[in-house]
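> Here is the input, now give the coordinates:
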Amino acid sequence: MKINSWYSAASTCLGLGYLTSMPGTIASSVAFLIHVLYPVQAWLIVGAFLLGILASDKYVKKEQKTDPLFRVFDILKPFPISAAERLPGGLGVMADDVVAGLFTNLLIRGIFWFFLPALSG
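Residues are numbered from 1 along each chain as shown. Modelled structure (predicted):
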């Protein structure tokens, strides 16, 4: 592990991203568990997003990488995820994940609506 700065720690979920070839999946899992155990306010999510833009911008420049995250929609990159990824620097790294998350949310809601209408409220 090479956590030598605040942005390295933030970009790798305190080094957990180094443990697998799927760092974005690990970080998403940790964020999900935190939310389940301690639901966070919207302002904190927005703050983490803004911090993530700064951290990932510095990280990808230092490590000379593009977007190091890994999930199904992040791999397939359908529109508009592909367009979000083309935004400059850390904003593109974070924006494509937000759009992919929205797609995933809609997919899950669609599955619940179609297969489990009584639970979809």
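
> which residues sit against the helix or strand of the chain with the lowest mean pLDDT?
When each helix and strand of the chain is scored by mean pLDDT, DSSP states H and E, helix 72-76 comes last, with a mean of 78. Outside of helix 72-76, the residues within contact range by Cβ atoms under 8 Å, 6 or more residues apart in numbering are 24, 67, 81, 96-97, 100, 103-104. Quick note: C-beta positions are derived from backbone N, CA and C, even for glycine.

> check which helix or strand covers the residue at minimal distance from the centre of the chain.
The chain has D97 as the residue nearest its centroid, 4.5 Å off, counting by Cα atoms, centre = their mean. In this assignment (DSSP states H and E), D97 forms part of helix 89-115.

> any idea how far that helix is from the chain center?
Computed by Cα atoms, centre = their mean, to the nearest Å, the chain-centroid distance of helix 89-115 equals 10 Å.

> Equivalent analysis for stretch 104-121, please.
Centre-to-centre, stretch 104-121 and its host chain are 22 Å apart (Cα atoms, centre = their mean).

> Report the mean per-residue pLDDT for that stretch.
For stretch 104-121, the mean pLDDT works out to 81.

> got it, and stretch 34-54?
Averaged across stretch 34-54, pLDDT comes to 90.

> Number the residues from 56 up from this point.
In the new count, where the first residue is 56, that last one comes out as stretch 89-109.

> Need the CA coordinates for that stretch. PDB is fine.
Extracted in PDB, the C-alpha atoms of stretch 89-109 (Å, rounded to 0.1, in the frame of the first residue of the first chain):
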ATOM      1  CA  ILE A  89     -21.700   2.900   6.400                       C
ATOM      2  CA  HIS A  90     -25.100   4.100   5.100                       C
ATOM      3  CA  VAL A  91     -26.900   1.000   6.500                       C
ATOM      4  CA  LEU A  92     -25.200   1.400   9.900                       C
ATOM      5  CA  TYR A  93     -25.400   5.100  10.000                       C
ATOM      6  CA  PRO A  94     -27.700   6.800   7.500                       C
ATOM      7  CA  VAL A  95     -26.000  10.100   6.400                       C
ATOM      8  CA  GLN A  96     -27.500  13.400   5.600                       C
ATOM      9  CA  ALA A  97     -27.600  14.700   2.000                       C
ATOM     10  CA  TRP A  98     -25.100  17.500   2.800                       C
ATOM     11  CA  LEU A  99     -22.500  15.000   3.900                       C
ATOM     12  CA  ILE A 100     -23.000  13.000   0.600                       C
ATOM     13  CA  VAL A 101     -22.500  16.300  -1.400                       C
ATOM     14  CA  GLY A 102     -19.400  17.100   0.700                       C
ATOM     15  CA  ALA A 103     -17.900  13.700   0.100                       C
ATOM     16  CA  PHE A 104     -18.600  14.000  -3.600                       C
ATOM     17  CA  LEU A 105     -16.800  17.400  -3.700                       C
ATOM     18  CA  LEU A 106     -13.900  16.000  -1.700                       C
ATOM     19  CA  GLY A 107     -13.800  13.000  -4.000                       C
ATOM     20  CA  ILE A 108     -13.500  15.300  -7.000                       C
ATOM     21  CA  LEU A 109     -10.500  17.000  -5.500                       C
END
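
> Cool, thanks, signing off.
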